[in-house]
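Q: output the structure for:
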Amino acid sequence: MSKIAKLFKGSSSSSSSSSSSSKSKHHRSRGGPSPQEAIHKLRETEEMLTKKQDYLEKRIEQELMIAKKNGTKNKRAALQALKRKKRLEQQLTQIDGTLSTIEFQREALENSHTNTEVLKNMGFAAKAMKQVHENMDIDKIDDLMQDINEQQDVAREISDAISGPFGETYDEDELLAELAELEEEELQDTMKSMGGLPSVPSSKLPSAKSSHRATTKKRVEDDDDMRMLASWAT
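A: Alright, predicted model coming up:
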């Protein structure tokens with residue numbers, strides 16, 4: 001191939017690439033702005049209209065001051081100021097309505113954009129979950145859980161066997177009865193070593209009244225003896 005042909009081929013390829021790039025740019029421009037760009041534009045419009053409101057409010061105050069100043073001196077100037085004030089008030093009312101519409105549109109767009117992002121993320125998470133679950137078999141999971149439960153039962157039985165009493169088991173009531181017999185035998189041996197308990201007298205003990213009477217009788221007899229000895233001495 002000659003150099004001229006190559007040159008024409010390169011120029012044709014470059015022109016085709018430039019035309020394709022321009023077509024792609026044109027296609028993107030025809031697709032419309034993104035939600036972020038639209039929200040940004042609406043915010044800029046709100047700021048511009050808010051500044052316009054401040055300007056109109058100041059102009060209305062100025063026209064009102066002119067009308068008051070020329071109310072008695074120059075009636076025509078006062079009327080012109082009031083007319084300008086009315087026109088400014090109408091513009092301010094229109095801007096208020098426009099701001100309300102723009103705010104509503106911006107809020108709706110923000111909500112739509114938020115919902116779109118939420119749905120996109122939820123779809124992304126759903127795909128990730130699907131990819132994770134592709135390698136999982138529910139039957140294998142059931143078998144695995146059953147094996148785990150069986151092994152837990154085996155481990156519990158082993159723990160019970162290890163912690164249980166080692167060797168023969170005894171009846172606690174029988175042991176307590178045998179202990180009571182031993183204590184009784186020890187008590188009897190102690191009593192025998194001490195000579196046993198003192199015997200209980202067979203006769204009744206004198207009561208307090210009878211002993212008191214015997215003592216009184218003895219005193220009377222002693223007094224009689226003393227009187228008899230005194231009479232013999234005289």
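
Q: tell me the pLDDT of residue 22.
A: The model reports residue 22 with a pLDDT of 48.

Q: poorly predicted segments of this protein, please.
A: Low-confidence segments of the chain, defined by pLDDT under 70: 1-31, 164-170, 195-234.

Q: in it, where's the longest helix?
A: The helix spanning the most residues in the chain, taking DSSP state H as the definition, is helix 75-133.

Q: tell me the helix or strand right after that one.
A: Secondary structure here is assigned by DSSP states H and E; on that basis, the next helix or strand after helix 75-133 toward the C-terminus is helix 138-163.

Q: for the longest helix of the chain, packing partners?
A: Using 3 or more C-beta pairs under 8 Å, 6 or more residues apart in numbering; DSSP states H and E as the contact criterion, the elements in contact with helix 75-133 are helix 35-69. C-beta coordinates here come from the backbone N, C-alpha and C atoms, glycine included.

Q: residue 56 and residue 90 touch, don't they?
A: No. With contact defined as C-beta atoms under 8 Å, residue 56 does not count as touching residue 90 (9.8 Å).

Q: neighbour-wise, which of these two wins?
A: It is residue 56, of residue 56 and residue 90, that has more neighbours when counted by other C-beta atoms under 10 Å, with 19 against 11.

Q: contact partners for that one?
A: Counting by C-beta atoms under 8 Å, 6 or more residues apart in numbering, residue 56 touches 88, 91, 92, 95.

Q: neighbour-wise, which one of those leads?
A: Each of the contacts of residue 56 was scored by neighbours using other C-beta under 10 Å; the highest score is residue 88's, at 20 neighbours.

Q: could you report the distance from it to residue 175?
A: When distance is defined by C-beta to C-beta, to the nearest Å, residue 88 is 111 Å away from residue 175.

Q: that concludes my questions; thank you for your assistance.
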